[in-house]
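>>> Generate coordinates for the sequence data below:
(chains A, B, C and D)
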Protein chains: 2
Amino acid sequence: MKELEILNVYLAENGLNRTVQRESILNEFLSTERHVTAQELAELVRGRHPNLGYVTVFRALKLFAEAGLAAATDFGDGTLRYEHCYAHTHHDHLICGVCGKTVEFCSHEIERLQEELSRKHGFQLVGHRMELFGKCPDCAGKEQARKTIVAVRRRPGRGKDRL
Amino acid sequence: MKELEILNVYLAENGLNRTVQRESILNEFLSTERHVTAQELAELVRGRHPNLGYVTVFRALKLFAEAGLAAATDFGDGTLRYEHCYAHTHHDHLICGVCGKTVEFCSHEIERLQEELSRKHGFQLVGHRMELFGKCPDCAGKEQARKTIVAVRRRPGRGKDRL
DNA sequence: TTCCGTGCAAATGGTTTGCATTCCT
DNA sequence: AGGAATGCAAACCATTTGCACGGAA
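Below you'll find the predicted structure:
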């Protein structure tokens, strides 16, 4: 079963309609391998469908996420980035704070420890979010040591200087 | 050296001024043990200083963070929550998705694995963010199994239905 | 007496909603 | 036909900025 089919099943099950827009958005979404924002995807889609509105893309991404086709993450700059996740295994992200490159990884060991920790506190673990911030090999090469300040401590707002 | 002193040193070092407002905000901030948003803290402060503006609190919290007195985290609802972190050790959060209760924890083992993972990808680790979402003992007791849906998969926007 | 801080109001920007129109079924 | 989807504009809301005034150094 592939993505379009999944979507259609989800739509049918929930009494929602199939539309050209949703199909186009899904195609465009599936054909990018990056983490896209709604804005970015909307621009991509508009390449083929100039009058497809931003809001529609936004709503579609949310829908995809509900259907289990997309996963949203907020890397800390206040905007949601979506990646397609159907038939992908769970993973977390390693993010370069300089150039923004992301690497996906998965550590069963860490997940086991998280589970263990939750249990220790009586929590029933439902999900987690983990992002490692650092400098990628390229950027570490270019940039010499400066103040190595803290992506996590300084978590700026939604404004211009964010990230 | 305690917090007020740290702040004053930071202000002096950076050519900034000491003000009554900043001191009041710091006091109020230190006297709460929760993770406060700027809004919440502003309301607390206004108890004593009715004409102290929200923006000032906002700016003060940012300042505190720069001075190393506060740490900001975004639990995923798009609003920054500050906690005081001077002379506190680093920790991550375990968050109950039902009642919002948070537990702080620290796992050296996980941190070691994160370090190791980053190195494996050639990254120079600068910081991380990790939140575990689950159901706390109390809420797990009250609520019976329903759809155990994913705080991470479904990451809603900044609007009304968020969280 | 020169910046800095404050506080209001207005701007920003991602996200969401209202609503009239158009589309699926 | 009847509910759903679309698309525009307008609303929302946390955050940020502009600016005039009062305050610290």
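>>> Would you map the strands across chain A?
Ranges of strands in chain A, per DSSP state E, are A:70-74, A:80-84, A:92-96, A:102-105, A:124-135.
>>> what lines up beside the first one in the sheet?
Sheet pairing here is set by DSSP bridges, and for strand A:70-74 it gives strand A:80-84 (antiparallel).
>>> With mean neighbour count and distance to B:E116 added, can I get the strands of chain A in a markdown table?
The way it works is simple: take the backbone N, C-alpha and C, and place the C-beta from them, glycine included. A markdown table is the format used below for the strands of chain A (neighbours: other Cβ atoms under 10 Å in any protein chain shown; distance: least, Cβ to Cβ, whole Å):
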| stretch | mean neighbour count | distance to B:E116 |
| --- | --- | --- |
| strand A:70-74 | 21 | 22 |
| strand A:80-84 | 21 | 24 |
| strand A:92-96 | 23 | 12 |
| strand A:102-105 | 17 | 11 |
| strand A:124-135 | 21 | 11 |
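>>> among those strands, which is nearest B:C99?
Closest approach to B:C99 among these is made by strand A:124-135 (13.0 Å; Cβ to Cβ).
>>> what are the pairing partners of the closest one, and which direction each?
Going by DSSP bridges, the partners of strand A:124-135 are strand A:92-96 (parallel), strand B:124-135 (antiparallel).
>>> A:E5: which of the strands of chain A is closest?
Of these, nearest to A:E5 by Cβ to Cβ is strand A:80-84, at 14.2 Å.
>>> In a markdown table, list the strands of chain A along with mean pLDDT and distance to A:I6.
Converted to a markdown table, these look like this (pLDDT from 0 to 100; distance: least, Cβ to Cβ, whole Å):
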| stretch | mean pLDDT | distance to A:I6 |
| --- | --- | --- |
| strand A:70-74 | 91 | 11 |
| strand A:80-84 | 94 | 11 |
| strand A:92-96 | 93 | 24 |
| strand A:102-105 | 94 | 21 |
| strand A:124-135 | 93 | 21 |
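>>> looking at those, which is closest to DNA strand C?
With Cβ to the nearest atom of the strand, the closest approach to DNA strand C among these belongs to strand A:80-84: 3.4 Å.
>>> Any part of that closest one near DNA strand C?
Yes - using Cβ under 7 Å from any atom of the strand, strand A:80-84 reaches DNA strand C at A:L80.
>>> Which residues are in contact with the nearest residue to A:V98 once chain neighbours are set aside?
Once flanking residues are discounted, A:V98 sits nearest to A:C139: 3.9 Å by Cβ to Cβ, 6 or more residues apart in numbering or on different chains. Listed by Cβ atoms under 8 Å, 6 or more residues apart in numbering or on different chains, the contact set of A:C139 reads A:96, A:98-99.
>>> One more: A:Y54?
Neighbouring residues of A:Y54 by Cβ under 8 Å, 6+ apart: A:38-39, A:42.
>>> Now restrict those residues to buried residues only.
A:38, A:42 (16 or more other Cβ atoms under 10 Å in any protein chain shown).
>>> now the contacts of A:Y54 as TSV including pLDDT and distance to A:G15?
Listed next are these as TSV, based on pLDDT from 0 to 100; distance: Cβ to Cβ, whole Å:
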residue	pLDDT	distance to A:G15
A:A38	96	24
A:Q39	95	29
A:A42	96	26
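>>> Also within reach of DNA strand C: list those from the contacts of A:Y54.
Among these, DNA strand C is touched by A:38-39 when using Cβ under 7 Å from any atom of the strand.
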